[in-house]
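Peer 1: sequence and predicted structure, then a few things I'm wondering about:
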There are 2 protein chains.
Amino acid sequence: MTTSERGAAGQHTVRRHNLALVLREVAGPEPVSRAAVAARTGLTRGTVSSLVEELIAAGLVTELAAPRGGTGRPASPLRLDPTGPAGLGVEIGVDAVAACVVDLTGSVRARRSVPSDHRDAAPPAGLATAAALAAEVVAEAGLEIAGAAVALPGVVGRGGVLERAPNLPRWVDVAVGEELGTRLGELPVLAGNEADLAALAELWSGGPADAVYVSGGIGVGAGIVLSGRLFRGAGGRAGEIGHVVVDPDGPPCHCGGRGCLETAAGLETLLRETGAADLNALAAAPPIGPLARAGRALGVALAGAINLLDVPAVVLGGIYPRCGPVLLDAVRAELAVRVLSRPAVQVTYSTLGPDGALRGAATSVVQDLLSDPGGRR
Amino acid sequence: MTTSERGAAGQHTVRRHNLALVLREVAGPEPVSRAAVAARTGLTRGTVSSLVEELIAAGLVTELAAPRGGTGRPASPLRLDPTGPAGLGVEIGVDAVAACVVDLTGSVRARRSVPSDHRDAAPPAGLATAAALAAEVVAEAGLEIAGAAVALPGVVGRGGVLERAPNLPRWVDVAVGEELGTRLGELPVLAGNEADLAALAELWSGGPADAVYVSGGIGVGAGIVLSGRLFRGAGGRAGEIGHVVVDPDGPPCHCGGRGCLETAAGLETLLRETGAADLNALAAAPPIGPLARAGRALGVALAGAINLLDVPAVVLGGIYPRCGPVLLDAVRAELAVRVLSRPAVQVTYSTLGPDGALRGAATSVVQDLLSDPGGRR
């Protein structure tokens, strides 16, 4: 590399960094003027204007009409362009598939789901259903799609391969991202664990920066967030709280172990113990005994996680917010007795509803775009 | 700050960084010449010589006699000075106190321990015993003491305060480092959890860079190492594996919970179940049933930790290496069945013996000195 090439590369890097800086200011809750962006970033007004033009040309930023009245040339406020490139989120669950499109401002622009049972089915059928549903929401949203992410109910390795999903025994080492990408016309599709993506969705919605986010369903998983970042562990597979043991001699689990949290607090156990037909029936008349038992098991596993990780907050999402106060109280009671490492742990229900992982998947695409707008190819 | 002051500060920072760079080369396993240090660091020979003189003057580096023969001026090999400033390590255990001095090269230069039961005793007596023992090893070693660290069997907050030790109910919120420092003539004394310091000792002895290091004794703790660094959690209290639940309805634990790992695999339980008088008696004739049960409990708790943290290795230290193959095999068998997140976990016994935490405490002082020799005041 010659000196002038190095110089050019350096300028390119600086401009890319500054593009992100400007976009971060525009992405705030209120529209903002070029002058305000310049003041907040320390960049010159000329540089800001040039960067804003580039962001407008890329469809990321739009200019609102200037307010009337006042003297001098009015400032045109800037904001993220809701018609700009969007993120596609897909969730392949144990017994359903869902897809949504989230625009640059974080709004869901289209969302669909269909039942699709993958417990005894080989991957191709589920992948085809997911791709078809994704194509539907993309068509409905009518936005350019910058990329996609898919949420999966199992162990996803660093390469985006679904290595193992205890509830989907036929999905072993499936390159779901690659497979979906091919079916969606070579769209880049990242794959992530559903609980990790649900945790990120909570974080991006203002959730605590240090927390264990539990995602309950047929499977139970967790996304661990430390200092505002997802904790992935040495191999990217951290957070499998569903297979923390709560009763060493308990019932067998799909994972091959016994007495895992999932056998005590997963949806199938809850329905079996309560006799409810589905989650709606359970939520309509929450049965105290089974929910208290599930909450106790959650508390036992979470106490272990907190003693190991020293995190101050727990957010319970997925099916749990529909289980009412009995389950939440049981979790809190166990933590009060069993957590050694800190005097109090804040335990709350998620407010995102069952779409946390799906939202997280779509929003992760938008977040990547916003954090490095110059990185698009 | 004026420009010239900023310049001076910048030069000072660079020199401090370069001092550490040179010392790191000298700290390698073989003596090294100034020329080799210059070649490896990319610094000029003149700069290296000036930095080496400063390190020699500080007592950190010593020059060996130049080898005879050859032509030209012979190179004098450099190495860490074993007579230079040393680290004092103290361990206040549940029923004993120990102290040691480790020199710059990592060698233990003096080591003593005495029984000292703190279970029902208030802190001052134990602190006095620890300070007296520390003074003895310092006198025996005859080296300048750069600083000290104390290993404690409980939750140590970021400020170095022993917040809570389930086995020492009268030691609540005790500023052990400060107290010991005062008793040792205003020596700076850091405080750390004993399992964390034992984990660091293992790491510095060539242990795996991603591992859960378990330290067994009357209490059971863990030091979690990720990417070669101690994982401290949001509040610095991570790793309390002794209070991970292995049997929700199990016997009461000193922590206030029930069925914690410590109640199933702590030394007191092992002695009670085996009828052995002490660890030596147990190690002389390891009883299969109780050790298999303890190993199973360890495996259950560790499987949970690995499912949450995704770490590839476990090292069992403290009392466990003396428990023989039955316990190790039981741990491995549980992990093989219960770990979801990875196909295999390496489980080994520590080779450091029961002094891991004590060694880690003293060595942490030396490591701090070596990593930033210009930071000494």
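Peer 2: It's in. Everything numeric in this text was worked out from a predicted model, so none of it was measured.
Peer 1: hey, let's count contacts and neighbours off CA atoms from now on
Peer 2: OK.
Peer 1: those helices in the stretch 251-377 of chain A, which residues are they?
Peer 2: Using DSSP state H, counting those that start in this stretch, the helices of the stretch 251-377 of chain A run over residues A:261-265, A:267-274, A:279-284, A:288-309, A:324-338, A:356-371.
Peer 1: may I see these arranged in TSV, with mean neighbour count, distance to B:Gly317 and mean pLDDT as well?
Peer 2: Below are the helices of the stretch 251-377 of chain A laid out as TSV (neighbours: other Cα atoms under 10 Å in any protein chain shown; distance: least, Cα to Cα, whole Å; pLDDT from 0 to 100):
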stretch	mean neighbour count	distance to B:Gly317	mean pLDDT
helix A:261-265	28	28	96
helix A:267-274	17	38	93
helix A:279-284	15	46	93
helix A:288-309	25	17	96
helix A:324-338	21	25	95
helix A:356-371	26	40	96
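Peer 1: of these, which is nearest A:His12?
Peer 2: helix A:356-371 (16.1 Å; Cα to Cα).
Peer 1: check which helices and strands that closest one sits against.
Peer 2: helix A:3-26, strand A:86-92, strand A:96-102, strand A:145-152, helix A:194-204 (3 or more Cα pairs under 8 Å, 6 or more residues apart in numbering or on different chains; DSSP states H and E).
Peer 1: out of the ones you listed, indicate the one that is most buried.
Peer 2: Highest mean neighbour count among the helices and strands packed on helix A:356-371 (mean count of other Cα atoms under 10 Å in any protein chain shown): strand A:86-92, with a mean of 30.
Peer 1: could you say which helix or strand contains A:Thr62?
Peer 2: Element membership of A:Thr62, judged by DSSP states H and E, is strand A:61-63.
Peer 1: so which of the helices of the stretch 251-377 of chain A comes closest to A:Leu180?
Peer 2: Using Cα to Cα, those put helix A:356-371 closest to A:Leu180, at 13.9 Å.
Peer 1: for A:Thr351, give me the pLDDT.
Peer 2: In this model, A:Thr351 is scored at 89, pLDDT.
Peer 1: quick one: it and chain B, what's the gap?
Peer 2: 24 Å (Cα to the nearest Cα, to the nearest Å).
Peer 1: give the contact list for that residue.
Peer 2: A:Thr351 makes contact with A:Gly317, A:Pro321 under the criterion Cα atoms under 8 Å, 6 or more residues apart in numbering or on different chains.
Peer 1: list phi and psi for it.
Peer 2: The phi and psi values for A:Thr351, taken as degrees, to the nearest 10, are phi -110, psi 10.
Peer 1: quick one: it and A:Leu203, what's the gap?
Peer 2: From A:Thr351 across to A:Leu203, the span is 12 Å (Cα to Cα, to the nearest Å).
Peer 1: swap in A:His17?
Peer 2: In terms of Cα to Cα, A:His17 sits 24 Å off from A:Leu203.
Peer 1: list the contacts of the nearest residue to A:Leu270 once chain neighbours are set aside.
Peer 2: Ranked by Cα to Cα, 6 or more residues apart in numbering or on different chains and with sequence neighbours excluded, the top spatial neighbour of A:Leu270 is A:Pro290, at 6.7 Å. Neighbouring residues of A:Pro290 by Cα under 8 Å, 6+ apart: A:Leu270, A:Glu273, A:Thr274.
Peer 1: for the residue lying closest to A:Gly324 once chain neighbours are set aside, report the pLDDT, please.
Peer 2: Take A:Gly324 and drop its neighbours on the chain: the residue closest to it by Cα to Cα, 6+ apart is A:Pro286, 7.0 Å away. pLDDT, A:Pro286: 87.
Peer 1: what do you get for A:Gly157?
Peer 2: 79.
Peer 1: so what's the residue count around the closest residue in space to it that isn't next to it in sequence?
Peer 2: Excluding the flanking residues, the one nearest A:Gly157 by Cα to Cα, 6+ apart is A:Gly236, at 5.9 Å. Residues lying near A:Gly236 (other Cα atoms under 10 Å in any protein chain shown) number 21.
Peer 1: I figured A:Ile56 hits A:Thr62, correct?
Peer 2: Yes: taking Cα atoms under 8 Å as the definition, A:Ile56 is a contact partner of A:Thr62 at 5.8 Å.
Peer 1: between these two, which is the more surrounded one?
Peer 2: Using other Cα under 10 Å, the more surrounded residue of A:Ile56 and A:Thr62 is A:Thr62, with 23 against 18.
Peer 1: what residues are bridge-paired with the more buried one?
Peer 2: For A:Thr62, the beta-bridge partners under DSSP bridges are A:Arg79.
Peer 1: wait, what's in contact with it?
Peer 2: Residues in contact with A:Thr62, defined by Cα under 8 Å, 6+ apart, are A:Ile56, A:Leu78, A:Arg79, A:Leu80, A:Asp81.
Peer 1: let's see it at 10 Å
Peer 2: By Cα atoms under 10 Å, 6 or more residues apart in numbering or on different chains, the contact set of A:Thr62 is A:26, A:31, A:52-53, A:55-56, A:76-84.
Peer 1: in helices only, show me these.
Peer 2: Judged by DSSP state H, the subset of the contacts of A:Thr62 located in helices is A:Val26, A:Val52, A:Glu53, A:Leu55, A:Ile56.
Peer 1: check the second one and give its pLDDT.
Peer 2: Put plainly, it is A:Val52. Note on A:Val52: pLDDT of 95.
Peer 1: separation between it and chain B?
Peer 2: 34 Å.
Peer 1: what is the neighbour count of that residue?
Peer 2: By other Cα under 10 Å, the residues close to A:Val52 number 23.
Peer 1: I'd say it and A:Val26 touch.
Peer 2: Yes: the pair A:Val52 / A:Val26 is scored as a contact, 9.4 Å apart, by Cα atoms under 10 Å.
Peer 1: quick check: neighbours shared by these two?
Peer 2: Listed as contacting both A:Val52 and A:Val26 by Cα under 10 Å, 6+ apart are A:Arg34, A:Val37, A:Leu60, A:Val61, A:Thr62, A:Leu78.
Peer 1: just put those in CSV and tack on pLDDT.
Peer 2: Supplementary listing: the shared contacts of A:Val52 and A:Val26 in CSV, determined by pLDDT from 0 to 100:
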residue, pLDDT
A:Arg34, 93
A:Val37, 94
A:Leu60, 96
A:Val61, 96
A:Thr62, 95
A:Leu78, 95
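Peer 1: nearest residue to A:Ala86 in space, please, no chain neighbours.
Peer 2: A:Asp103 (4.5 Å).
Peer 1: in contact with the one you found, which residues?
Peer 2: A:80-88, A:109-110, A:141, A:143-146, A:362-363, A:365-366.
Peer 1: my guess is A:Leu23 contacts A:Leu51. True?
Peer 2: Yes: with contact defined as Cα under 10 Å, A:Leu23 reaches A:Leu51; the gap is 9.0 Å.
Peer 1: show me the shaky parts of chain A.
Peer 2: A:1-9, A:67-74, A:342, A:376-377 (pLDDT under 70).
Peer 1: tell me the domain boundaries of it?
Peer 2: A:3-80, A:86-197+A:356-375, A:207-351 (automatic domain parsing).
Peer 1: adding distance to B:Cys260, write these out as JSON lines.
Peer 2: Below are the domains of chain A laid out as JSON lines (distance: least, Cα to Cα, whole Å):
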{"stretch": "domain A:3-80", "distance to B:Cys260": "47"}
{"stretch": "domain A:86-197+A:356-375", "distance to B:Cys260": "27"}
{"stretch": "domain A:207-351", "distance to B:Cys260": "9"}
